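Chemist: Need a 3D model of the following:
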Amino acid sequence: MKVRGAIGSQPVVTLIDLGATHNFIASHLVASMGISIDETEPYGVRMGTGDSERGTSVCKGVVLHLKELHITEDFLPLRLGSSDVILGMQWLETLGVTKTNWKEQTMEFEVNGRIARIEGDKSLGKSLISLKAMARTLSKDPYGYLIELSNTEYQVIPPDPVPLFLQDILSQFECIFQEPTGLPPPRAMEYKIITKEGTTPVSVRPYRYPHYQKGEIRMIKEMLQAKVIQPNNSPYSSPVILVKKKRWLLAFLHRLSSTKQGYGARQVSHSCNW
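Modeler: Now for the predicted structure:
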């Protein structure tokens, strides 16, 4: 839980940490405010980041103000990162019975016969880190995540201009390069499949398509709207066959015509690669 406080007239960010055995104060804050220090036996502290810090001094009788609450404690000066002061078990065990709601970040306890209440500042839960500090942390820990969030903008890039030597050709044959909007022009000879008189359609069971092929069949509707194909109601077989190759092969069955000549019913397809 982080709260805003002050030491004298200097605003500080205070972290109330159940995992800290002692109270700590940022060494840069001690130097800038001229807080007196006393030499002590060398000690080592393992920080929450996994780093180990060593110290040889202590700041005694530092008064920390948390709103209307005045706390006088001894602090060990160390490099603390995003917090200026850490209140650990050294202070918490002096409070006796406390009522803490970590979700709402509130703490209540009795001081001199009255209930004191500390409310955490949720906005202090996020802090900036310098690139140098991040590189130092990643060099000691082989695992880490770097996530960058930013606003993205896109710009429509116009297509490359057509080379000059192709512009005349494209202009001359412009109709060829347009999207088709109808059936091919009539031919001198139409293709037919000749069947014998009295021939009946071959019995072919319905060809069911799995769900993942429905997207390919959607092209039929688009081609009908463009009028590049026309409806086929041939009784001989399904009008469309999908063949799985490197790309989908879409096959359209030609209409069969019945005449007095020929060799019986045959199934012929016209294929398009998609």
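Chemist: Low-confidence stretches in the stretch 1-150 of the chain?
Modeler: Residue ranges of the stretch 1-150 of the chain with pLDDT under 70: 48-50, 126-128, 141-144, 149-150.
Chemist: mind listing the strands for it?
Modeler: Across the stretch 1-150 of the chain, reading from the start of the chain, the strands by DSSP state E, counting those that start in this stretch fall at 2-7, 10-16, 24-26, 38-46, 52-66, 69-78, 85-87, 98-101, 106-111, 114-119.
Chemist: These: which one's closest to residue 179?
Modeler: With CB to CB as the criterion, residue 179 lies closest to strand 2-7 of these, at 62.8 Å. All C-beta spots, glycine's among them, are computed from the backbone N, C-alpha and C.
Chemist: Dump the strands of the stretch 1-150 of the chain to TSV, plus mean neighbour count and distance to residue 160.
Modeler: TSV is the format used below for those (neighbours: other CB atoms under 10 Å; distance: least, CB to CB, whole Å):
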stretch	mean neighbour count	distance to residue 160
strand 2-7	18	55
strand 10-16	18	55
strand 24-26	25	58
strand 38-46	10	61
strand 52-66	16	60
strand 69-78	18	61
strand 85-87	25	61
strand 98-101	13	63
strand 106-111	15	63
strand 114-119	13	61
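Chemist: Which of those strands sits closest to residue 178?
Modeler: strand 2-7 (66.5 Å).
Chemist: what does the closest one rub up against?
Modeler: Residues external to strand 2-7 that are found in contact with it (CB atoms under 8 Å, 6 or more residues apart in numbering): 11-16, 29, 33, 35, 62-67, 83, 85, 118-121, 124-125.
Chemist: Hey, what's the angle from it to strand 10-16? Just curious.
Modeler: With axes from the mean of the first three to the mean of the last three CA atoms, to 10 degrees as the basis, strand 2-7 and strand 10-16 are set at 140 degrees to each other.
Chemist: still on that earlier bit, save the strands of the stretch 1-150 of the chain as CSV, and put in distance to residue 135 too.
Modeler: Output for the strands of the stretch 1-150 of the chain, formatted as CSV (distance: least, CB to CB, whole Å):
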stretch, distance to residue 135
strand 2-7, 25
strand 10-16, 24
strand 24-26, 21
strand 38-46, 21
strand 52-66, 19
strand 69-78, 21
strand 85-87, 24
strand 98-101, 36
strand 106-111, 36
strand 114-119, 35
